[in-house]
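> sharing a sequence plus its predicted fold:
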Amino acid sequence: MSWIIVLVVIAAVVFWVVGAYNRLVSLRNKFKNAFAQIDVQLKRRYDLIPNLVETAKAYMKHERETLENVIRARNSAVTANTAAAADPGSPQAIQGLVLAEGALSGALSKLFALAEAYPDLKANQNMMQLTEELTGTENKISFARQAFNDSVMSYNTAVQQFPTNVIAGAFTFAPAELLQSTESEEEKQAVRVQF
C-alpha cells in the first residue's frame, strides 16, 4: 500500500514538472510571437522611410545632413531589429533595439520639424500619403509593443514565481526584457506634424 502512495506522489510530481515546463515554453513562445508582430510593423516602417526621405530630398536641398541622419538611424534600427528578432529574449538585443528606435524617432522628429519650413513639401501628395502611412504604422507598432510587453510580463511572472522558478532555473528560462521607452518626459510628448 505504501508503494502505491509513493508512486502516486512521484507521478504527481512528474506531471507537475512537465506541466510547469510546458507552461514556461508556451509563455516564451507567446512573447516571441508578439515580437514577430512588432518585427513586421518595424519592417514596414523601415520600408517607408527611404521613400519619405526621397520625397523630402527634392524640396530640402539644403538639409542634406538631416536626411542623411535619418537614413543612418534607419539603417542602425534595421540592424538592431535583426538582432532582436533573432533572440527576442536577449536583454542586450532588446536594449539595442530600444536605443536604435529612439535615435530613429529623434531623427524623424527633426525631419518633420524642418519640413514645416517647406510649404511645397507639406502640400506634396506623396509626402502626405507617406506621412499618413507612417502614422498608421506607428500606431500598429505601439499596439504590438503593448502586446509584447504583456506577454513578457506573463512569462517573467511565471519564471520568477515559486514553485515554477525552480523549473525555470533548472531548465535555464531566463527573464525577458520589456520594450521600454528611452525618451525623456519632454520627448514623450506627441510630436505634432501637420502637412
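Now that the structure is in, tell me what you want to look at. Numbers count the residues shown, from 1 in each chain.

> flag every buried residue along stretch 41-60.
Within stretch 41-60, the residues that count as buried by 16 or more other CB atoms under 10 Å are 41, 42, 45, 46, 48, 49, 52, 53, 55, 56, 59, 60. (C-beta placed from N, C-alpha, C; glycine too.)

> which other residues reach that stretch?
For stretch 41-60, the surrounding residues in contact (CB atoms under 8 Å, 6 or more residues apart in numbering) are 63, 66-67, 70-71, 74, 77-78, 81, 101, 104, 108, 111, 114-115, 118, 120-121, 124, 126-127, 130-131, 133-134, 137-138, 140-141, 144.

> narrow these to those in helices?
66-67, 70-71, 74, 77-78, 81, 101, 104, 108, 111, 114-115, 120-121, 126-127, 130-131, 133-134, 137-138, 140-141, 144 (DSSP state H).

> buried subset of these?
66-67, 70, 74, 77-78, 81, 101, 104, 108, 111, 114-115, 121, 127, 130-131, 133-134, 137, 140-141, 144.

> ok so, going back, now, the buried residues of stretch 41-60 that are in helices?
Short answer: the buried residues of stretch 41-60 in helices (DSSP H) are 41, 42, 45, 46, 48, 49, 52, 53, 55, 56, 59.

> reformat those as TSV; add pLDDT.
Compiled in TSV, those are given as follows (pLDDT from 0 to 100):
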residue	pLDDT
41	96
42	96
45	95
46	96
48	95
49	95
52	92
53	93
55	90
56	91
59	85
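
> dump these into CSV; add distance to residue 19 as well.
Listed next are these as CSV, based on distance: CB to CB, whole Å:
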residue, distance to residue 19
41, 34
42, 35
45, 39
46, 40
48, 44
49, 46
52, 50
53, 52
55, 55
56, 55
59, 61
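
> ok, residue 180 - how many residues close by?
Residue neighbour count, defined by other CB atoms under 10 Å, stands at 11 for residue 180.

> so it: helix, strand or coil?
coil (DSSP: H, G, I helix; E, B strand; the rest coil).
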